[in-house]
Each structure stands twice: as structure tokens, then as C-alpha cells.
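> okay, here's the prediction I keep looking at, along with the sequence it came from:
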Amino acid sequence: MAKVVFPDHLLAHTGGEREIEVAVANYRDLLTILEKRWPGVREPLNKAAVAIDGQIYQDAFLEPIGADSEVFFMSRIEGG
Amino acid sequence: MSKMHIRTTINGDQVDFLGSPQQSLLDALRDEVGKLGTKEGCGTGDCGACSVIVDGRLVCSCLMLAAEAEGAEITTIEGIAEGDGLHPIQEKFLEHAALQCGVCTPGFIVATKALLDRNPDPDERTIRYWLAGNLCRCTGYDKIVRAVQDAAQELAHEA
Amino acid sequence: MAEAVDYRYVGTSPVRPDGVDKVTGRAQFGADQNLPNMLHGSVLRSPHAHARIKSVDVSKALAMDGVHAAVSGADFPSVQSGEVGGEGGGDVADIAKNVMARDKALYHGHAVAAVAATSVEIAERALDAIEVEYEPLPPVLDVVEAMAPDATLLDDNCFTKNLPEKPDKPSNIASVMVLARGDLDAGFEQADVVVEGEYRIPMAHQGYIEPHACTATVNEEGKATVWCCTQGHFEFRAMTSKILNWKIGDLKFIASEIGGGFGGKTVVYLEPVAVLLSKHAGRPVKMVMSREEVFRATGPTSGSVCRVKIGAQNDGKITAAKAWLAYEAGAFAGAPVMPGAMSIFAPYEIENFLVEGHDVLVNKPKVAAYRAPGAPQAMHAFEVALDDIARQIGMDPLDLRMVNAADEGTQAPYGPKFPAIGFKACIEAAKKHPNYTKPVPEGAGRGVAAGFWFNIGMQSSAEVRINEDGTVIVMEGNPDIGGSRASMGLMAAETLGVPYEQVKTYIGDTESTGFCNVTGGSRTTFATGLAVVQACEDIIAQCKSRAAATWGMDDDQVEWQDGQAVPAPGVNADVSPLSLADIAASAPKTGGPILGRASLNAQGAGASFSVNFGDLKVDPETGAVEVLSFTGIQDAGKAIHPAFVEGQMQGGAAQGLGWALNEEYIYDADGVMENAGFLDYRVPVASDLPMIDTQIVEVPNPSHPYGVRGVGETPIVAPLAVASNAVRDATGVRINDLPLSPPRILAALSND
């Protein structure tokens, strides 16, 4: 099961749950599962960045998620 | 407001233009004469982007009235290169990567020309104080100072 | 870690392709675009820091001879809330109101109306004829006072975001954020020493030398062309489209050369106004800001109050860290407090931490990105407190940082585990550096600090065309702010195996090349570089295929080596290699012109860490600080053009030192900036600085074919704390706030 972690500012959308475990093949499917679990969560997640096994994606889509993967949602980074 | 006829020599060419009495030399160079290489960074003489040489003196063209240039000999960035090649100062700025965005570069090159015309062998401190009227926000001045040092050497070698 | 690779062109520092234009005055910057029949636009700005706008009447201005258009907030459509592009200044509804105030003026200098006239002088006289009725309100200027429950509100509809429940009362706190891990109390209990402090830094400006400028022309079909200085013409197009409610396809943006940006030119100010004025007037309109307007109405970065508490053991191990950050957003939400909070502990492995951030509205200009936005303020506070820890436990500040340094596999405070990073390599390099091993000069003090920036990827496109003689054109869409054309050319030359001199790199406009996000976030060499490399690989695949067809082989029987197609090892064929020039010459027979392309959303940008140190001397009579030496050490992943990487490090150091020692927005009680010019807002000049020594560390980023991390932003982060720590070392007095200007230093020395 992949570990999925949400930052503080998204907890309002996850009923306060900070960390869950999910069996899923890729990022697209993860969002589908999360949206089913917490309707409306897709929108703030689409505005977030996500780190899958240390690699930060500003816009993830079909990136694979393995059984041992760690998935962290985080704020998007901008820059000067 | 009626305009004044002003006759100058710019980069060796006689140039006549009409300028308004309150117009700065910078605005006249850019808007009446089409010398767009001279840049405006502040309009108050603090940044040196508009540096030109007037009768042998380095000036901020934003602080001088166009009318004051009557009869003057003016060198702008467009007059630094000789023939079909770059001036050694320009070459050294390129070799040393002494520019990033490049908007202050015309002013620095004109100011450097004025420096080396009067002092062909300036030390680092002299270079830094001479160029203290020219702001560069990109480079931290390190590579500019090195380019000027190298240009001075090159010019001394040529002389 | 990847093995060091020898490259032929990557890692060299040739002259940039746009260099000759830039040393001869030929390069066209924002204010250099003139069109026949052109008008000049000027902006009327609020004389109040906070006021309700009861009415704006432009009719008398419009009636003046030579005035051809006048607009105010009422002439702009109302704009739906939403994000635009990938980056650039927050909610587009707020950007619209920042471009032209509607019902409220929120800072001194906020645009209220604009005119277009046949000359700048007439336009400025016309501004005097515009009648605006204001109801002045008390200005909110201090970030902590702005957070009080009874503070005057900038926006009655601003309800603090990210709280567990929506608050029932509006506030100037636009949003809060929290990052936490472990058990803070337990962590502090394990500590042998605890350091706590509050650190204030005022607003500072990016200070690019070129003021904002644009020229817009709208034709009779309602199609606009806009020339402007911008870090991202595609995003300027998108913002202008949203702000004016025009179709993107009706707007063409051409990026001029850009005279510095540092984040400040990622958001529109003039462009939608110029388009609307041109539409009304039926003539081109040019708008150029004065330096005073640049200071009053663009940029800056957040002023901040940071409170930090660190607990550590006598062996240096940090057991707990706590931070409270309040950042000024200016007139609209969007201070970079989130990246500040995410970066403050990033260089270190800390088990127990809590950081709380606040994005706070005040009656000052809306902040814009500034080089590693948000990181310098927060990391200054932490790196200064860490210096005090080092003093208390008697440990070398580099050793203290090494004990706690993040490494590959460390869980970053903002979530994921770091891949390969170069922080430890930077500390080791600093420790061995001759400038560090030599004694501190008599009377001076030495300061040490670390820096960090995430870096980003985002969307980029590139096209590569092969001319008939085999010379190469690279076309991409990122304005070249510091030599990126040269970096693109080097990566193309390396990938194709042709000399750098045979490659020309161009920046296309919004209609001649594919979409690229802004030149910002240190992304250009990484992400657009990746697109250029992929477009070159596309060329190579096509060339191999054409060579295979020429030789009657399969595609996989051909390889690309040193710029030529050759038979693969083991393929027995009596053929001569075909160079790019050979294949280009025969292109008409093998399928027509050779054109490669790539478009991507680059992921896997690599974080760039730094260690900086410097020796600074304080004159006790005047309070003036002299920088005797400064050394920047930074992980670039791979320096494609080392001279320009050094330039980024030196320029960032100069900006950081300027911010630390002199630069600040000074406000009077009415919220009027008192130093809106380069005479009084003093950026470093050549005589203020020594040579700035650099050492590039190269721990390759595994997500880029040449290992690029991006280097532009990290260099500004560490110098703030380097200066504070050096002044502490020199004087024995700790000054928490910046800038370390002569009056502040004299006051601190006399209090001691």
C-alpha cells in the first residue's frame, strides 16, 4: 500500500486525515480514489504539487505509484 | 511649445535636430536622433545607464538639457566600436561575461571609455570608484571590474 | 551519484549569441519600441495609501488637445477570481484590480486612471485634469498591527484561508499555513541550549535597472500586438486576456530584451492598460514607468517579522525548531510565506519542528516574486539563531551545519525525501576553502550561513531547425535575462555534436514558438534546456533515419557520433559517415527540411543548496559596514556555462548584501514611501563591494540529461545572515533586524 500524506492546509478537505494508505497504480487513479472518498478534494489537489518517492511534480498525471511509494502533497513552488 | 534647432556632433557626424527647451539630452538622443542605445534607468542621474561623453566629459544625459548640447561633441555607445570591429572594451565585456541582462552595459562601456581615455592604468579601487555612478543589479560588478582591468591591459598593449 | 562526464561544449563559457547587440547599444529593450503615429500613455496614481474611490471623471482630460484616450477602473471588465499561468502574482482578479483600482485605492501609487496623448508632457498635464473623489481611510502599515482583530480592514471580504473552519469575521490575514513534525515539547526538553529571537526585515525592491515598459497597438480587427519587457510573454498574454476579457488568439506578445527582472517582471502592470488605451484611441500607445513609479507601484518583496526558537544539544544536534512568520503581502493576498515556511528548515534534518506562516494584507504595493521568494527572510532568522547556538556551544558554524545537514534520503520538512543533493558537499568545500582557512582580518568579523531554493520545472517548448548547410537554429520562448541563449546553444551543440558557433538561439514571440512558462524559478536552463535537448534528439532520430534510407539500412543500424551518422558497431557497410551538413544538403531527396521539436512539462527540478561566508568590518564611528571578502559556494548540478553561473552567484550575493546592509522601503505615517529613487534606496555600487569569490559544486540532478539544477535564486538567500553573523562577530553585538544600516548599527553599539 502506498503512503499518501496531506499537508496542514489541505486537512480541511480530508476530514482532518493527514495520512492514509492506498493501493493504486498511478497518480490519475489516486485522484479518482481520493475524490470518491472526499468529494471536492480534487480541486485543491489539482492546485497542489505532489512528490512521489522524492520526485516533485508540479503537474502529475500518469506517474506510477508503487506498493512502497510515498506520496506527499505540498504547495506549489513559484520563483523569481 | 516651439522647438529649438540644435546642432551637435554625435559620434563624429554633424547632427541637427529640433528639441523642446525642457527636453533632456537623453530624451533628445532617444526620441529625436534615434540613438536608442543610451538607456534610461532612473531619470535622476543615479544609475548611469544614460552615460555619454560630451566634449570629453562623462555625463548622465538625463541631467543635461538637449539645448546645452549646442555645438558639443557627443560620444554615445553607438560610437564606441571602430570600423567593422568591436572596441577592446566591448570585446572584454563579452569575454568576461560582464553582462547579464545588458541594459546597464552601454552606460558601463561609455563610462569605461571615459575612464581609460584619461587614466590608461587604473587600479581596482579607481575602477570601482569611477564606475560607482553606474548601477548594475545583475553581476555584483566582479566580472565588470575584471573586464575593465583586462581592457586597460589590452589597450596598453596596442598603444 | 553520477560519474563526472567530459563534455565538449557543455561546461565552457563562450561569448553569448546576443552579446554583440548588447555591447553596441543595438539590443532592443522594453522602452526601445516606437511605432508610427504612436501615442504616449501615463498613469494617474493614488495620493493616498488607503482610500475609497467615490468617483473618477476623465472627461476634462479627454477634452484636452492632444489627448486621445482616457480610462479608469470603470472601463475594465470585472474579472473572475482564479489562477493564471503557473506562476506570477496570485489571483487574476487581484492582478486586475492592481493594474487599475476599482472601488478602493490600496497603496500610495495605486493606478487609478490612465491617458494616452501625443506627447508625454501632454499626457502628464492631462492627468492633472482627471477628477477623483477619495474618502481617505487609515492606512494599515505594520504587519503585526494589521493582524490584530480590531485592525482597519483592507478588504471586507477577506476571510482567512486554511483555517480548520471558515472564520465568521473578515481579517487582514489572507491565509495561514502550518508545517509540523514530531513532538516539539519533547524536542526542547532534550536541548542543552535554546536560542529565541524576533527578526524584522522591511520591504525591499528587485531593483532591476530597466523600468517596466510596453508598446501596444490594436488594429481595426480588434487584434493587439504588444511589445514589452517581461520574464514571460506567454503569461503576460494570459493575464492580459483575463483582465480585459479578450481571446488569447487576439493578443500577440513580443518580448523585448529584458533589463533585469529577478521575479519582478512576472506580472503585468502596464500591458492591459496600454491595450485598452490603444483600442480606445485607434493608435499605438507606448507606456514607460519612471523609476519612482517602479518603486511605488511594482515589486517589491515582503517585509517580514520572523520569530524563531531553536533547541540543540551540546554536540550541535538540533532537537527542536519553531518558527512564526508574518509576511507583508501588500495590497492583495499572496505573500511568499508558504515557500518561506517550506524553506526555513530545508537544509537540515530536524525531527521536531513547527512553522506557522501568515500572509498579511497591508497598504503597501502588492509584492511580486523576488529571487527565491520568501526564503531569504525566514532563512535569515533561522541562520542567525543557529549562529547564536554555535557561539553558545562553542562549535564552528560549519561543523554545526554539518552535524544537522540534510542529505539524500532526508525527509524534507515540506514532505518528500530528498534525492541526491549537494548541501554536505558545499559545507565540505567551504571548510577547505582558502578564504575560510585563513584568519579573519584584524578588526573584522566572519559570518557563515546556508542557502536553499527548490527550483521548478514547468512547461517549455523548443524547436530546432537545420539550415541547408547544416547550421542550426534553436527557437524557444524564454526571455534571456542572463545569458540563457548561450546555455541553450551549448546544450544543442553538445547534443547534436556540432560546434557551438554553428548554433543560433532565438527567443520567439507568442505566435512563432510554442508555449513556455516564465523565465523564473531558476527553471530556464533546466526545463527549456530539457526541451532543447529533446528537440535535438528528435533531429538526431530523423537524421539517423535519413542516413539509414540513404545507405539502405534499418534505422537501428545507424548511430549518431560526434555530429555524424555512422553505421552501428557490427554493421558491415562500406559507407562514409554523413555529417549534419551532408544530411541537410540531401534533405530535399530524403523527406524535406529537417525540423525537430519538443514540448514538455518538466518534472524533477533539483534543489540547489549553498554555503556562503564573508568577512565584514564595521566602522564604530560611522556605523558603516565594509565587505572585505565574500565567498559563495553552491551546488549547480551541472554548470552549462560556468561564467554565467558564477555571475548568478555573484549577482545574488550583491543583492543579498544590499538587502542586508542598506536597502529598505521607508514609509512615513501616512503610508508614503519616502525613498522612491536610487539616490535614497541605495543598491550596492561597484565601490561598495569586493571581488566575489565563487566555487561551483556539481552534484548532478538525475532528472536532467546534463545534470542541471538551476542556480539563479539560491545565491540571494544566505548573504543576509552572513552579513548579520559577521557584524555580530565583528562587534560582539547581535542585531536581529535588517538592514544593518549605519544608523541601526550606531544605535546598537551605543546601547551596548
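Cool, got the structure. Residues are numbered from 1 along each chain as shown, chains lettered A, B, ... in the order given.
> which stretches of chain C have low pLDDT?
For chain C, the stretches flagged by pLDDT under 70 are C:1-4, C:85-89.
> need the outlier residue of it, farthest from its centre.
Outermost residue of chain C with respect to the C-alpha centroid, by C-alpha atoms, centre = their mean, is C:Asp574; its distance is 54.4 Å.
> can you give me the distance of it to C:Val566?
Distance, C:Asp574 to C:Val566, by C-beta to C-beta, to the nearest Å: 13 Å. Any C-beta I mention is one placed from the backbone N, CA and C, and that applies to glycine too.
> again with A:Glu19
A:Glu19 is 54 Å from C:Val566, where distance means C-beta to C-beta.
> those two: which has the busier surroundings?
Between A:Glu19 and C:Val566, counting by other C-beta atoms under 10 Å in any protein chain shown, C:Val566 is the more crowded of the two (18 against 10).
> hmm, that one is touching C:Ala573, no?
No - C:Val566 is beyond contact range of C:Ala573, at 9.5 Å (criterion: C-beta atoms under 8 Å).
> need the longest helix for chain A.
Longest among the helix segments of chain A by residue count, using DSSP state H, is helix A:27-37.
> one step back: chain A versus the residue farthest from the centre of chain C, what's the distance?
Noted for C:Asp574: a distance of 46 Å to chain A, by C-beta to the nearest C-beta, to the nearest Å.
> which SSE is that residue in?
Assigned by DSSP states H and E, C:Asp574 belongs to no helix or strand.
> before we move on, what about C:Val711?
Going by DSSP H and E, C:Val711 is not in any helix or strand.
> show me the strands in the chain, by range?
Just so you know, I chose chain A. Using DSSP state E, the strands assigned to chain A run over residues A:2-5, A:19-22, A:49-52, A:55-57, A:70-74.
> let's do chain B instead
Taking DSSP E, the strands of chain B run over residues B:4-10, B:13-19, B:51-54, B:57-60, B:73-75.
> pick out the residue of chain B closest to chain C.
B:Gly37 (1.8 Å; C-beta to the nearest C-beta).
> mind listing what that residue touches?
Counting by C-beta atoms under 8 Å, 6 or more residues apart in numbering or on different chains, B:Gly37 touches B:Thr76, B:Ile77, B:Glu78, B:Pro106, C:Thr24, C:Gly25, C:Arg26.
> roughly how far apart are the residue nearest to it when sequence neighbours are not counted and chain A?
In space, and not counting its chain neighbours, B:Gly37 is closest to C:Gly25: 1.8 Å by C-beta to C-beta, 6 or more residues apart in numbering or on different chains. Per C-beta to the nearest C-beta, C:Gly25 is found 28 Å from chain A.
> how many other residues sit next to C:Gly25?
Neighbours of C:Gly25 (other C-beta under 10 Å): 24.
> go on, C:Lys309?
By other C-beta under 10 Å, 18 other residues sit near C:Lys309.
> could you give the bridge partners of it?
Beta bridges link C:Lys309 to C:Glu196, C:Lys322 when assigned by DSSP bridges.
> wait, doesn't it sit right on C:Val193?
No - under the criterion of C-beta under 8 Å, C:Lys309 makes no contact with C:Val193, lying 11.3 Å away.
> let me have the strands of chain A in JSON lines, adding distance to C:Gly260 as columns.
Supplementary listing: these in JSON lines, determined by distance: least, C-beta to C-beta, whole Å:
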{"stretch": "strand A:2-5", "distance to C:Gly260": "39"}
{"stretch": "strand A:19-22", "distance to C:Gly260": "44"}
{"stretch": "strand A:49-52", "distance to C:Gly260": "28"}
{"stretch": "strand A:55-57", "distance to C:Gly260": "28"}
{"stretch": "strand A:70-74", "distance to C:Gly260": "30"}
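> need the nearest residue in space to residue 70, chain neighbours excluded.
Chain wasn't specified; assuming chain A. A:Lys3 (5.1 Å).
> ah, no, chain C please
Using C-beta to C-beta, 6+ apart, the nearest residue to C:Ala70 is C:Val58, at 3.7 Å.
> what is the neighbour count of A:Ile56?
With neighbours defined by other C-beta under 10 Å, the count for A:Ile56 comes to 28.
> surely it touches C:Gly606?
No - judged on C-beta under 8 Å, A:Ile56 makes no contact with C:Gly606 at a distance of 9.4 Å.
> name the SS class of C:Gly651, please.
Assigned by DSSP: H, G, I helix; E, B strand; the rest coil, the conformation of C:Gly651 is helix.
> surely it meets B:Thr139?
Yes - using C-beta under 8 Å, C:Gly651 is in contact with B:Thr139, at 5.2 Å.
> and for these two, which residues touch both?
Joint contacts of C:Gly651 and B:Thr139 (C-beta under 8 Å, 6+ apart) are B:Gln100.
> residues contacting C:Phe678?
B:Gly41, B:Cys42, B:Thr44, B:Asp46, B:Cys47, B:Leu135, C:Arg291.
> against B:Ile77, how distant is the most centrally placed residue in chain B?
Geometric centre of chain B, nearest residue: B:Val110, 2.9 Å, by C-alpha atoms, centre = their mean. Distance of B:Val110 to B:Ile77, computed by C-beta to C-beta: 6 Å.
> for C:Ala726, give its distance to B:Tyr141.
20 Å.
> next: B:Leu86.
Applying C-beta to C-beta, the value for B:Leu86 to B:Tyr141 is 21 Å.
> quick one: which of the two has more around it?
When neighbours are counted by other C-beta under 10 Å, B:Leu86 and B:Tyr141 differ, and B:Tyr141 comes out ahead with 30 against 19.
> which non-adjacent residue is nearest C:Gly316?
Nearest one to C:Gly316, counting by C-beta to C-beta, 6+ apart, is C:Val403 at 3.9 Å.
> nope, C:Arg200 is what I meant
Leaving aside its chain neighbours, C:Arg200 sits nearest to C:Asp737 (4.4 Å; criterion: C-beta to C-beta, 6+ apart).
> what's the helix or strand for that neighbour?
Under the criterion DSSP H and E, no helix or strand holds C:Asp737.
> the lowest-mean-pLDDT helix or strand in chain A vs chain C: in contact?
Counting by mean pLDDT, DSSP states H and E, chain A has its least confident helix or strand at strand A:55-57, which shows a mean of 88. Yes - part of strand A:55-57 sits near chain C under the criterion C-beta under 8 Å from any C-beta of the partner chain, namely A:Gln55, A:Ile56, A:Tyr57.
> which ones are touching the last one?
If I follow you right, that is A:Tyr57. For A:Tyr57, the contacting residues are A:Tyr27, A:Ala49, A:Val50, A:Ala51, A:Glu63, C:Gln603, C:Gly604, by C-beta under 8 Å, 6+ apart.
> need the buried ones from the residues you listed selected in ChimeraX.
Only the buried entries of these go into this ChimeraX selection, using 16 or more other C-beta atoms under 10 Å in any protein chain shown:
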select /A:27,49,50,51,63 /C:603,604
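> just give the nearest non-adjacent residue to the residue in chain A that chain B sits nearest to, would you?
Nearest residue of chain A to chain B, counting by C-beta to the nearest C-beta: A:Gly80, 12.6 Å away. With sequence-adjacent residues excluded and distances taken as C-beta to C-beta, 6+ apart, A:Gly80 is closest to C:Gly263, at 2.4 Å.
> what strand or helix carries that neighbour?
Using DSSP H and E, C:Gly263 is not contained in any helix or strand.
> what does C:Leu628 give?
Using DSSP H and E, C:Leu628 sits within strand C:625-635.
> parallel or antiparallel, list what pairs with that strand.
When DSSP bridges is applied, strand C:625-635 pairs with strand C:608-618 (antiparallel), strand C:692-697 (parallel).
> looking at these, which is buried most?
Counting by mean count of other C-beta atoms under 10 Å in any protein chain shown, strand C:608-618 has the highest mean neighbour count of these, with a mean of 28.
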